[in-house]
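S.K.: Based on what follows, work out the 3D shape:
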Amino acid sequence: MTMTKISRRLWLAGLSALTVGSMSLGMITTAAAEDDVVLGALRFTSHGAGFVAFERGYFKDEGLNVTFEFFQAAQPIAVATASGDVDFGVTGVTGGLMNLAEKNALRVVAGVLHEKKGVDGMIVLASNKAYDEGLKSIDDLPGHSIAMTQTGSTFHYMTSRIADAKGWDMKDIKMVPLQKVGSMVAATKSGQVDAMIMVPHIAKALAGAGAAKQIGKLNDYVEYQISTMITSVDNIENNPDMVKRFIRAYSKGIADMNAGLLDPNADTAEREALTKILHKYVYNDRPYEKAAPSIQNGAMFLNEGASLNKTDVEKQVKWFKDTGLVDSDLTIDQLVDSSFVEIN
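M.R.: Below you'll find the model as predicted:
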């Protein structure tokens with residue numbers, strides 16, 4: 001072999017190594033260009049749009065590397081978002097969230113879960129003990145105890161909306177803060193509290209198993225914006241494009257959820273595919289065959305395009321102020337940033 005051939009072979013080998021190295025560097029650069037994003041969520045079907053967006057690559061398509069942080073109640077999600085422990089949260093409009101918004105720590109940027117007539121929503125359950133003692137319907141709630149996570153939680157607000165619709169005084173109902181959804185369920189099953197309002201995938205399973213009795217539905221009395229998407233003021237001011245991309249990807253998950261799980265004419269294969277995705281996050285401690293009915297029963301109406309009912313959120317702010325749970329001069333525009341989604 002001549003020196004010319006050896007030199008050429010070595011040169012080609014070096015060029016090949018350089019090319020591979022350049023490709024690797026390019027791949028590293030591309031990966032580094034992705035925004036790392038943490039989403040705070042509950043293991044509920046109603047939070048499923050984020051799971052679907054993740055599993056179907058909608059976040060990746062927007063250059064977002066998303067991981068999840070799971071919580072046991074809504075208010076801690078707001079705290080974690082304000083502190084930067086999570087970048088986005090799906091959570092109800094709570095008193096804690098409002099106080100953090102007034103401190104310029106976070107904002108509501110989109111809508112997620114909306115209680116809507118004609119679609120399965122929050123269910124009112126009575127404990128078997130209370131039911132046997134006469135708590136047979138919504139009309140019987142005054143004088144009884146109702147579980148909630150925290151004072152000022154969505155469960156607290158939902159109960160007040162029923163009370164308003166029925167003309168009751170909230171003083172006639174004993175609200176019992178138990179910190180976690182799991183604790184609410186346990187207290188209702190054991191009869192330590194008389195009633196609770198709960199998402200359908202949990203409520204229907206309890207009623208179906210004979211562990212509690214269904215006595216009413218929230219949307220018989222009120223339609224309202226239950227949960228919203230929140231992010232930090234820092235993200236809004238310093239990375240608004242990332243916020244837009246996140247909402248765009250999440251909205252695709254919402255569209256899939258509504259079409260595949262709420263439409264009675266939905267394709268059976270698509271319904272099963274979505275249920276299998278959700279099973280990775282919801283009731284994932286149960287075999288799929290047992291979990292699937294509860295997961296599907298938990299499908300609720302999600303705001304198309306992550307649109308936000310700002311008018312209803314403003315009504316919630318007023319209630320929190322009127323009841324003294326939020327003692328501030330918070331305005332709706334301090335709480336809601338209207339620049340990312342359709343507002344109504």
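
S.K.: what number of residues lie near residue 164?
M.R.: 13 (other CB atoms under 10 Å). Just so you know, the C-beta spots here come from the backbone N, C-alpha and C atoms, and that holds for glycine as well.

S.K.: Please settle this for me: is it part of a helix?
M.R.: Yes - per DSSP: H, G, I helix; E, B strand; the rest coil, residue 164 lies within a helix segment.

S.K.: Now do the same for residue 231: helix, strand or coil?
M.R.: Three-state call for residue 231 (three-state DSSP): strand.

S.K.: pLDDT at it, what is it?
M.R.: According to the prediction, residue 231 has pLDDT 98.

S.K.: Let me see the contact set for it.
M.R.: 81, 87, 88, 89, 106, 107, 109, 243, 246 (CB atoms under 8 Å, 6 or more residues apart in numbering).

S.K.: next one: residue 101
M.R.: Under the contact definition (CB under 8 Å, 6+ apart), the residues listed for residue 101 are 107, 108, 330, 334, 335.

S.K.: of these, the lowest pLDDT goes to which?
M.R.: Lowest confidence among the contacts of residue 101: residue 330, with 90.

S.K.: What's the local residue count around that residue?
M.R.: Around residue 330 there are 17 residues (other CB under 10 Å).

S.K.: Roughly how far does the residue nearest to residue 169 when sequence neighbours are not counted sit from residue 287?
M.R.: Take residue 169 and drop its neighbours on the chain: the residue closest to it by CB to CB, 6 or more residues apart in numbering is residue 163, 7.2 Å away. Per CB to CB, to the nearest Å, residue 163 is found 40 Å from residue 287.

S.K.: So those two - more neighbours on which side?
M.R.: residue 163 (18 against 9).

S.K.: list the contacts for that one?
M.R.: Contacts of residue 163 by CB under 8 Å, 6+ apart are 169, 170, 172, 173.

S.K.: Just the buried residues from those residues, in ChimeraX please.
M.R.: Per 16 or more other CB atoms under 10 Å, the buried members of the contacts of residue 163 correspond to this ChimeraX selection:
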select :173
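
S.K.: got the contacts of residue 163 as a markdown table, with secondary structure columns?
M.R.: Shown next, in a markdown table, are these (three-state DSSP):
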| residue | secondary structure |
| --- | --- |
| 169 | coil |
| 170 | helix |
| 172 | helix |
| 173 | coil |
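
S.K.: Between the two ends of stretch 294-313, how far is it?
M.R.: 29 Å (CA to CA, to the nearest Å).

S.K.: what about that stretch, average pLDDT?
M.R.: pLDDT averaged over stretch 294-313 gives 94.

S.K.: Could you do stretch 196-214 as well?
M.R.: pLDDT averaged over stretch 196-214 gives 94.

S.K.: And that stretch, how far out from the chain middle?
M.R.: Put simply, stretch 196-214 sits 19 Å off its chain's centre (CA atoms, centre = their mean, to the nearest Å).

S.K.: Can you give me the first-to-last residue distance of that stretch?
M.R.: With CA to CA, one end of stretch 196-214 sits 10 Å from the other.

S.K.: cool, and stretch 251-264?
M.R.: First residue to last in stretch 251-264 (CA to CA) measures 21 Å.

S.K.: List the contacts of that stretch.
M.R.: 45, 48-54, 56, 58, 112, 119, 266-267, 270-271, 273-275, 296, 299, 301-306.

S.K.: switch the cut-off to 6 Å
M.R.: 48-49, 52-53, 58, 266, 270-271, 274, 299, 302, 305-306 (CB atoms under 6 Å, 6 or more residues apart in numbering).

S.K.: Go through that stretch and flag the buried ones.
M.R.: 251, 252, 253, 254, 255, 256, 257, 258, 260, 261.

S.K.: Keep only those of the contacts of residue 231 that are in helices.
M.R.: 81, 243, 246 (DSSP state H).

S.K.: OK, contacts around the second one?
M.R.: Put plainly, it is residue 243. Residue 243 makes contacts with 231, 235, as judged by CB under 6 Å, 6+ apart.

S.K.: Distance of it relative to residue 334?
M.R.: 17 Å.

S.K.: do the same with residue 231
M.R.: Taking CB to CB, one finds residue 231 at 15 Å from residue 334.

S.K.: ditto for residue 95
M.R.: 14 Å.

S.K.: For the closest residue to residue 239 other than its chain neighbours, give me the backbone phi and psi.
M.R.: Nearest non-adjacent residue to residue 239, counting by CB to CB, 6+ apart: residue 35, 7.3 Å away. When read as degrees, to the nearest 10, the backbone of residue 35 gives phi -90, psi 120.

S.K.: Residue 264 versus residue 35, what's the distance?
M.R.: Taking CB to CB, one finds residue 35 at 38 Å from residue 264.

S.K.: likewise residue 328?
M.R.: 44 Å.

S.K.: what does residue 215 give?
M.R.: 26 Å.

S.K.: can you check residue 37 too?
M.R.: Counting by CB to CB, the gap from residue 37 to residue 264 is 34 Å.

S.K.: domain ranges for the protein?
M.R.: 34-114+225-335, 123-220 (automatic domain parsing).

S.K.: and those domains as TSV, adding distance to residue 344?
M.R.: Below are the domains of the chain laid out as TSV (distance: least, CB to CB, whole Å):
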stretch	distance to residue 344
domain 34-114+225-335	6
domain 123-220	18
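
S.K.: show me what contacts residue 312?
M.R.: 224, 225.
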